[in-house]
Structure formats: structure tokens, C-alpha cells
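Asker: how does the following fold in three dimensions:
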Amino acid sequence: MRVLIADTFEPVGLEGLKEAGCEVIYRPGLKSDALARAIRDTGADVLVVRSTPVTAPMLEAPSLSLVVRAGAGYNTIDVATAASRGIYVSNCPGRNATAVAELAFALMLAIDRHVPDNVADLRAGVWNKKQYGNARGLFGRTLGLLGYGHVGQEVAARAHAFGMRVVVWSRRFAEGGGRRDLSPGHPDTPAILGAPSAINIARSPEEVADDCDVLSVHVALAPDTRGLVDASVLNRLKPGAYFINTARAEVVDYVALAAAIRERQIRVGLDVFPEEPAGTTGEFHDSIVTLPGVYGTHHIGASTDQAQEAIANETVRVIAAYRHTGAVPNVVNLATSTPATHRLVVRHRDRPGVLAHVFDRLREGRINVQETENVIFDGARAAVARISLDAPPPDALLDAIKNGNSDIIDLHVVAM
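Answerer: Next comes the predicted model:
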């Protein structure tokens with residue numbers, strides 16, 4: 001199996017792929033047309049990327065069957081085109097969650113204790129204990145979380161350790177309606193040093209903003225989260241509240257955020273920006289970072305050695321599983337449901353040609369197979385095939401299937 005890696009990748013991952021029996025083609029920095037040509041020319045079966053966009057032309061190479069995003073988000077990959085060509089898209093969810101949570105708290109603490117300004121004044125030879133000795137402190141404050149996936153849960157765990165109350169809005173809790181709590185012992189509550197703690201569930205992002213002293217964003221970028229944090233949310237924050245974004249720039253209305261900074265003295269920590277340089281270095285211009293009370297970092301949330309090694313190891317696990325079993329962990333572009341309406345259950349002797357006979361008859365009847373499972377019994381003398389179909393086979397077709405092969409013991413159809 002040939003694996004083309006088009007971004008920087010940890011040495012532990014390169015060695016892991018080789019140990020798994022893969023031929024590794026390591027060409028970090030390939031992009032656009034050059035990457036499309038490399039996929040085609042190398043005959044790569046698997047493409048591994050981090051931030052490099054994967055476009056439709058890159059997915060036209062006939063050999064390519066799996067794209068792995070060595071990270072959590074996959075919005076830079078043309079998932080729809082991959083699905084139309086039967087190419088798996090997989091990612092590494094949760095492997096960088098600890099790193100992002102640590103940066104979120106670093107920004108909270110930096111805001112609260114004016115850490116960057118302290119450092120700047122000391123380097124300039126200025127001593128100002130009077131000004132910088134004035135901080136609110138995080139203990140006893142309320143942290144609001146928008147999103148409660150891997151990162152949100154890691155942030156909540158650290159918030160409880162800091163003695164903060166936590167209130168959460170998440171799309172996966174939204175269907176429950178009404179305000180409620182997740183009590184200790186609930187599988188979604190974080191455990192701190194072995195002691196589980198409760199969190200409060202809000203009905204909307206606006207309700208979280210009403211209730212919190214610090215608002216931190218941890219939702220994935222999706223059509224229903226783009227622009228989620230707009231003026232209707234930001235204007236509900238208390239004057240002087242803290243706002244943290246280590247998720248995606250696109251989920252926040254940065255024009256409304258700038259207005260909230262100017263008009264409501266919101267203090268802000270940002271790791272992501274609407275217009276970031278394409279490379280790892282370059283010029284950067286965004287007026288929001290010039291506003292008072294705004295601290296920024298260089299989109300480094302996942303950039304710790306621990307996180308990158310964890311992502312590399314997960315990438316190896318995904319590709320090794322695909323190579324050895326044909327199954328792909330963490331697939332993001334499989335259908336959650338199919339057009340199947342009926343299931344044909346065929347009990348048969350485990351001999352060559354039985355399923356080929358069944359599929360041939362279904363093809364003649366112009367009935368499409370959506371999914372198939374063939375379960376073998378002990379001794380490998382008999383099996384049961386469960387075949388999901390997009391239409392019910394008529395009785396005449398069932399008779400042709402059953403009577404056309406002596407190894408078919410019985411069959412029946414169930415509606416799905």
C-alpha cells in the first residue's frame with residue numbers, strides 16, 4: 001500500500017507506517033496541481049494531509065481510495081466528491097483535544113492576569129505592580145462553553161479543577177429542550193482527579209452568554225455553526241467578560257466581536273483569524289489584534305509535541321487497519337442511512353457461487369443491493385446472508401433465487 005504524505009509529519013508516524021508494511025512517499029509542501037500530479041504519478045492508495053486542501057482534481061486519481069486528515073477538522077477536504085468516487089475520508093478526532101484545551105486556559109489566564117503586558121513592560125524596563133496586581137481571578141467564575149465534544153470536555157475538566165462553574169450549549173444536547181444539568185456519574189460529565197462534577201446545560205448560545213463570565217468556543221465548523229457567535233450572542237455578555245476562540249474563525253462574526261470589544265470592553269483571546277497566511281510564516285494583518293484587551297496566538301492550538309505524536313499514531317492506526325482489514329476507523333463520509341426498504345435473508349450452505357447466483361437474479365430484476373452481510377456458522381458449512389435492497393423482490397424473483405441454486409436452504413424478506 002502506497003501512502004503519500006503531503007504535509008509535515010512526525011517521525012514516529014513515518015516509522016509506524018513503514019512497520020505496518022506501507023510504502024511511504026513523504027513530500028511535505030505539495031499543493032494544488034503539483035499534489036494532484038503526485039497522487040496520479042505515484043499511484044498512491046492513501047493520501048495524508050494536515051492543513052493542505054484536498055480538491056476534486058486530486059480525487060480523480062484511480063488508485064486513491066483513502067484520504068486521512070492528520071487532525072480533527074476535515075473542512076479543507078472535498079468530502080462530497082470523495083464520497084461520489086467511493087474514497088474514504090478519515091480523521092483523528094480528539095487526539096489534539098488536550099493541547100487545544102491547554103491553550104484555551106492559557107489565554108484565559110493571560111487575559112485575567114495581563115501576562116503579555118506584564119512581560120512587555122518588564123522587557124522595556126518598566127515595573128508596574130500597581131496596575132498588574134489588579135486581576136479578577138477565575139475561581140468561582142462561570143465558564144460558558146459553546147460545543148461539548150472532545151475539546152469542550154477537556155476544557156470543562158480543567159475548569160472544574162480551577163473551581164469554576166460550567167454551563168454548556170451543544171448541538172447534541174439541543175434536542176432535549178429545557179434547561180437541565182448533567183449530574184455526577186452521567187457519561188458526559190468530566191471527572192476531576194477521580195471526583196465527577198456536574199455541568200449545566202443551556203438551551204441556546206445566547207443563554208450561555210447571559211450566564212457566563214468567560215465564553216469559550218469549541219464547535220466544529222459546519223453549515224449550521226458558520227457565524228454561530230454573532231452580535232445576538234456577543235451582546236449578551238457582561239461588560240468586561242472574557243471571550244476565547246480556539247476553534248474556527250468562521251464560527252464567529254469578527255465584525256460583531258470587534259464592536260463588542262470597543263463598546264462593551266470584552267477582553268479576548270484568539271488563536272484563529274479570518275485571514276491567516278497560507279504558510280507557517282508570513283505577514284499578518286488583522287485590525288482586531290490592535291484593539292485593547294485582545295491577545296492572540298498563531299493558530300497553534302494543536303501544536304504540541306504530545307498532540308502531534310498522538311495524531312501521528314492515530315493516523316498510523318487508521319491506515320494499518322485499512323491495509324490489514326479493509327475497514328477504516330473514523331470514517332466521516334459514509335451514509336448514515338441508505339435507500340434500502342427491504343432486507344432479503346438467505347440461509348445457505350457455505351459454498352462458492354451461492355451469493356453470485358443471488359446477486360445475478362437481483363440484477364436481472366433491476367433491484368439494487370445497498371448493503372450485504374454474510375454470517376458464517378461454526379464449522380463453515382452454513383451461512384446466513386442479510387442483503388439490504390432498495391425495493392421488495394416479487395414472489396417470482398424469490399422463487400427464481402431459491403430454486404435456481406441447490407445450496408440455498410431457505411429465504412425470506414423483511415421490511416426495513
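
Asker: quick check: which element contains the nearest residue to residue 236 once chain neighbours are set aside?
Answerer: Take residue 236 and drop its neighbours on the chain: the residue closest to it by C-beta to C-beta, 6 or more residues apart in numbering is residue 209, 3.8 Å away. Placement of C-beta: from N, CA and C, glycine included. Under the criterion of DSSP states H and E, residue 209 resides in helix 205-211.

Asker: any residues touching that helix, and which ones?
Answerer: For helix 205-211, the external contacting residues (C-beta atoms under 8 Å, 6 or more residues apart in numbering) are 142, 144-146, 167-169, 179, 200, 202, 215, 228-229, 232-234, 236-237.

Asker: and that helix, what's buried?
Answerer: Of all the residues in helix 205-211, those buried under the rule 16 or more other C-beta atoms under 10 Å are 205-209, 211.

Asker: dump those residues to a markdown table, plus pLDDT and distance to residue 357.
Answerer: Putting the buried residues of helix 205-211 into a markdown table (pLDDT from 0 to 100; distance: C-beta to C-beta, whole Å) gives the following:
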| residue | pLDDT | distance to residue 357 |
| --- | --- | --- |
| 205 | 97 | 56 |
| 206 | 97 | 60 |
| 207 | 96 | 60 |
| 208 | 97 | 59 |
| 209 | 97 | 63 |
| 211 | 94 | 64 |
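
Asker: which of those residues lies closest to residue 371?
Answerer: Proximity of the buried residues of helix 205-211 to residue 371 (C-beta to C-beta) peaks at residue 205, which lies at 37.8 Å.

Asker: and the gap between the closest one and residue 291?
Answerer: Distance, residue 205 to residue 291, by C-beta to C-beta, to the nearest Å: 22 Å.

Asker: same deal with residue 266?
Answerer: 10 Å.

Asker: these two - which one has more neighbours?
Answerer: Taking neighbours as other C-beta atoms under 10 Å, residue 266 and residue 291 compare with residue 266 leading, 24 against 14.

Asker: number of nearby residues for the residue nearest to the more buried one when sequence neighbours are not counted?
Answerer: Nearest non-adjacent residue to residue 266, counting by C-beta to C-beta, 6+ apart: residue 260, 4.5 Å away. Number of residues near residue 260 (other C-beta under 10 Å) recorded here: 22.

Asker: just the element for residue 260, please.
Answerer: Following DSSP H and E, one finds residue 260 within helix 254-264.

Asker: what are the ranges of the helices in this protein?
Answerer: Along the chain, counting by DSSP state H, helices occupy 11-19, 32-42, 79-84, 97-113, 115-123, 129-132, 150-161, 171-174, 205-211, 231-234, 254-264, 305-325, 354-364, 395-403.

Asker: comparing the ones you listed, which comes out most buried?
Answerer: helix 150-161 (a mean of 23; mean count of other C-beta atoms under 10 Å).

Asker: between it and helix 97-113, how big is the angle?
Answerer: Helix 150-161 runs at 50 degrees relative to helix 97-113, counting by axes from the mean of the first three to the mean of the last three C-alpha atoms, to 10 degrees.

Asker: figure out how far helix 150-161 is from the centre of its chain.
Answerer: Its chain's C-alpha centre and that of helix 150-161 lie 17 Å apart, by C-alpha atoms, centre = their mean, to the nearest Å.

Asker: what is the mean pLDDT for it?
Answerer: Mean pLDDT, computed over helix 150-161, is 95.

Asker: ok, residue 53 - contacts?
Answerer: 31, 76-77.

Asker: and the residues you listed as a markdown table, adding neighbour count?
Answerer: A markdown table is the format used below for these (neighbours: other C-beta atoms under 10 Å):
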| residue | neighbour count |
| --- | --- |
| 31 | 16 |
| 76 | 16 |
| 77 | 25 |
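
Asker: for those, which one is nearest residue 304?
Answerer: Nearest to residue 304 out of those is residue 76 (C-beta to C-beta; 20.9 Å).

Asker: so what pLDDT did the closest residue to that closest one other than its chain neighbours get?
Answerer: Once flanking residues are discounted, residue 76 sits nearest to residue 53: 4.6 Å by C-beta to C-beta, 6+ apart. We have a pLDDT of 94 for residue 53.

Asker: repeat that for residue 175.
Answerer: Looking at residue 175, its pLDDT is 58.

Asker: ok, back up a step: what's the helix holding residue 260 in contact with?
Answerer: For helix 254-264, the surrounding residues in contact (C-beta under 8 Å, 6+ apart) are 229-231, 234-235, 237, 239-241, 243, 266-268, 273-274, 287-288, 291-294.

Asker: send me stretch 78-91 as CSV with only the CA atoms.
Answerer: In CSV, the C-alpha atoms belonging to stretch 78-91 read as follows (Å, rounded to 0.1, in the frame of the first residue of the first chain):
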residue,chain,number,x,y,z
ASP,A,78,-13.8,17.9,-0.7
VAL,A,79,-15.7,15.2,1.2
ALA,A,80,-18.7,15.2,-1.2
THR,A,81,-16.5,14.4,-4.2
ALA,A,82,-14.6,11.8,-2.3
ALA,A,83,-17.9,10.1,-1.4
SER,A,84,-19.1,10.2,-5.0
ARG,A,85,-15.9,8.3,-6.0
GLY,A,86,-16.0,5.8,-3.2
ILE,A,87,-13.0,7.3,-1.5
TYR,A,88,-12.9,7.0,2.3
VAL,A,89,-12.2,10.2,4.3
SER,A,90,-11.0,9.7,7.8
ASN,A,91,-9.7,11.9,10.6
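
Asker: can you check the pLDDT for the closest residue to residue 288 other than its chain neighbours?
Answerer: Nearest residue to residue 288, sequence neighbours excluded (C-beta to C-beta, 6+ apart): residue 258, at 5.3 Å. With respect to pLDDT, residue 258 has a value of 97.
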